[in-house]
Each structure stands twice: as structure tokens, then as C-alpha cells.
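Undergrad: Predicted coordinates and the sequence they were generated for:
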Amino acid sequence: MPARLPDGIHCAADYSRLAAGAIDAPTLAYIDGGSGEDRTLAANRAAFGRLGLVPRLLPDLRGAQTRLSLLGQELAHPILLAPVAYQALAHPRAEIETARGAAAAEACMACSTLSSASLEEVAAHAGPQRWFQLYFQPQRAATLDLVRRAEAAGYTALVVTLDAAIQAPSLRALRAGFRMPAGLRAANLADYPPTPPKSPAPLPGASRIFQAATRDATTWADLDWLAAQTSLPLLVKGVLHPEDAGLALDHGAAGLVVSNHGGRTIDGAPASLSVLPSIRQAVGPGCPLLLDGGVRSGAGAFKAIALGADAVMVGRLQVHALAVAGALGVAHMIRLLREELELCMAATGCRTLADIHDGLIHRFHDY
Ligand code: FNR
């Protein structure tokens, strides 16, 4: 890690401010953009902006701490790193730096199926809390091999992302002229031979969009199959509808991530934070529930927890910190988020995460 923190970082979100100096403009457009005209991307952020928190006077904070238990795993704090593909776009040592930063900040990291470094290399640098994000592969043998490799490398949960099958292009990235660099590779998939799709070709005449959405389409039966293959807990990522929350749990999920993929699936999807209360209501109080999308501060984490999340994940902010200052930047960014969260807890009289509740949230638009 470099010995020095970059100048000009006073809060976690400052890493996003400095990212333009560390990442070329087309690549940053790809990382930062959402799908379409970025309406969902903007909604994710705006949802946090509409909420404040109500301070309490003279709280007794002796023994205050941020620990939580999630899926039977003990975490020092509720700030996790979301799976983000191809981190070589931001740093030459890619997820290896991210893993070192997360470990230094006692943060659980989710390594993407599409990581630039292999999941084994990432595990070698990660802390004990590490999850693997799984994309179903066209061939079950490849999916199963990824699961076995993740188990062998000591990952403690699988984050099964189900919302990426349908992705509208990012107009911001297209307009900026972004092209995936020729040498960019998904290291985990390099040894799997290209295979024919498992489903028969759709009927001739089906549109380009429907063909793409039908070919190799994942089904709920695939989730049942996956749950039967592994004893690792499954977290389904990409839930926005209460009925899908129930379906995911019925088909083997142990927990859920409320997420719209950072506004990168279909433009117009609701902000994650806006649907969070309805998902919590649907799954009940005991279900492990995470949220991502628009978290840029510890106050954001506080608000998400108040509205029903157990913990939050950060996506872009981790890439920005990685690009600006490598592992040190990632660790520093997480520490700042944690301190910002602790400040909110102290101001509202919350000694533990369990003390954070909706009654401490102020809705600005009500006045
Ligand atoms: C992502 N995300 C993502 N999700 C996933 O499950 N697997 C992946 O490989 C990726 N890759 C990826 C790349 C880039 C560049 C971005 C910005 C996002 C989505 C990610 O896990 C998370 O849902 C969002 O990034 C959360 O929103 P914020 O924190 O970026 O606002």
C-alpha cells in the first residue's frame, strides 16, 4: 500500500470527486453510468437525499459498537463491498488491491464472477469475510466448477445475481465512446471452453431482444438446483419486487440484496431505497436483507438500516477509491463510511445497529 493518503479526502464521497483524475473519461463513463438516460441511477441517490435523521439529546453511548451477525457470520460493521466486474479498468492490480483494502478495514468483500484477478488470487489477499458473486453460466458444469472453486478458496456465501440478464445499454458510456479494452478478461472464466447454449435456439423470427433474453435464460429451478449443490448460504441479488423476494426465499435463498445493479439494468426501475420497506415487510424481521445503490456516506448506511436493511454494499465508491489510492484508498474509504455511520448513531442515540429505526428518520418532503 502507498504510505500516504491522497490530499483532499474529507469524507468517503470525496473519492468519487477525485476519480476523474485517476480514470480516463470514457472508462469513468462506463463505470459511473447507468442504463438509458440514468434515471434510476439518479433516483438511487435522490432517495437518500429526501431523508434526514432526527438527533436525540444526551444519549448514553457507553459500549456503543457497529457489530452484526449476518448469515451466522460475525461482521465488525455493516459496510460491505458490492461485486464489481473488471476492476483492472481502475487499477493494474485490480481486485487484489480491493481485497487488501477490505481486509484492512474489516469489511466483507464480494468478488465478482467477472473479476479481473482470479477468485483464488482475490481470496489469498482477502480477509476471513469474503463472498463470491455468482453468475449462472450457460453450462451447469462451469457454474458448478465456480461454486467448487469458491468453496475451496474459503468464500463463505454466494451472492447470486439474477438481475443482469436484461441490461439496457448505457447511453453515457456509448456517447463517451467507451469500448472494453481488448486485453480485458474475466480471469475466472478463462479455462471454460466456449460451449453451445443449453436451450434450443428460439423460433426463427423472434426479435433480437427476445432471443437474447431467452437463450440460456436462468429459471427458478436453476436456483433450486444450486441450493442443492452447496452448503454455502445463497443471497439473491437484484430483488426489487416483494413477490420476487418471496420466490427467491422459496427457491433456496438464505437472504436477499435489494438492488437495481446500480441503475444499470432497465432505466426507470425504482430506487433501491424506495422499495426497501416493502421488501422488508414481505420477508419479515428475521431475513438477512442487504441494500445497494446510491450509498455514498455513512448517513446513507444509517438510512438504509433504519428502513429495513441489515447492511449495505457499495459499488462505484469502491472503484473510485481503488483508482485513486489502491488498497489504502479502499481501506480509508470504508473507514470513513464507518465513522460517518458511527457519527449518525451517536447523534441519534443508537448504541447498536439494532437501535436504528424508522422513527429516527426525517422526511424532508413532508414539510
Ligand atoms: C456492477 N455491479 C455488479 N453486480 C454484480 O452482481 N456483478 C458484477 O459483476 C457487477 N459489476 C459491476 C460493474 C460496475 C462498473 C458497476 C458500477 C456495478 C453492480 C454492483 O454490485 C452494485 O449493485 C451497484 O454498483 C450498487 O450501486 P452503487 O453503489 O454503485 O451506487
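TA: Yes, it's here. Residues are numbered from 1 along each chain as shown.

Undergrad: wait, residue 315 sits on residue 292?
TA: Yes. Using CB atoms under 8 Å, residue 315 makes contact with residue 292 at a distance of 6.0 Å. The way it works is simple: take the backbone N, C-alpha and C, and place the C-beta from them, glycine included.

Undergrad: Tell me which of the two has more neighbours.
TA: A direct count of neighbours by other CB atoms under 10 Å for residue 315 and residue 292 places residue 292 higher, at 29 against 21.

Undergrad: What residues does the stretch 1-150 of the chain have near the ligand?
TA: Taking CB under 6 Å from any ligand atom as the contact definition, the stretch 1-150 of the chain meets the ligand at 31, 44, 82, 83, 84, 85, 112, 114, 133.

Undergrad: contacting residues for the residue in the stretch 151-300 of the chain that the ligand sits nearest to?
TA: Residue of the stretch 151-300 of the chain nearest the ligand, by CB to the nearest ligand atom: residue 262 (2.9 Å). For residue 262, the contact set (CB atoms under 8 Å, 6 or more residues apart in numbering) comprises 34, 41, 44, 82, 292, 293, 315, 316.

Undergrad: what's the answer for residue 47, then?
TA: Residue 47 touches 271, 272, 273, 274, 294, counting by CB under 8 Å, 6+ apart.

Undergrad: With residue 314 instead?
TA: 79, 80, 81, 82, 292, 295, 296, 333, 337.

Undergrad: For the protein, which segments count as helices?
TA: 14-18, 25-32, 39-49, 94-104, 119-125, 140-152, 171-175, 208-214, 220-229, 242-250, 272-283, 298-306, 316-348 (DSSP state H).

Undergrad: out of the contacts of residue 47, who's near the ligand?
TA: Counting by CB under 6 Å from any ligand atom, the members of those near the ligand are residue 294.

Undergrad: Farthest-apart pair in the contacts of residue 47, please.
TA: Spanning the widest gap among the contacts of residue 47 are 274 and 294, at 10.3 Å by CB to CB.

Undergrad: If you count surrounding residues, which of the two has more?
TA: residue 294 (28 against 18).

Undergrad: Wait, that one touches residue 48, no?
TA: Yes. Residue 294 is in contact with residue 48 according to CB under 8 Å; the separation is 5.6 Å.

Undergrad: Give the residues shared as contacts by the two.
TA: With CB under 8 Å, 6+ apart, residue 294 and residue 48 have common neighbours 273, 300.

Undergrad: Tell me the residue of the stretch 251-367 of the chain that sits nearest the ligand?
TA: Going by CB to the nearest ligand atom, the ligand is nearest to residue 315 of the stretch 251-367 of the chain, at 2.0 Å.
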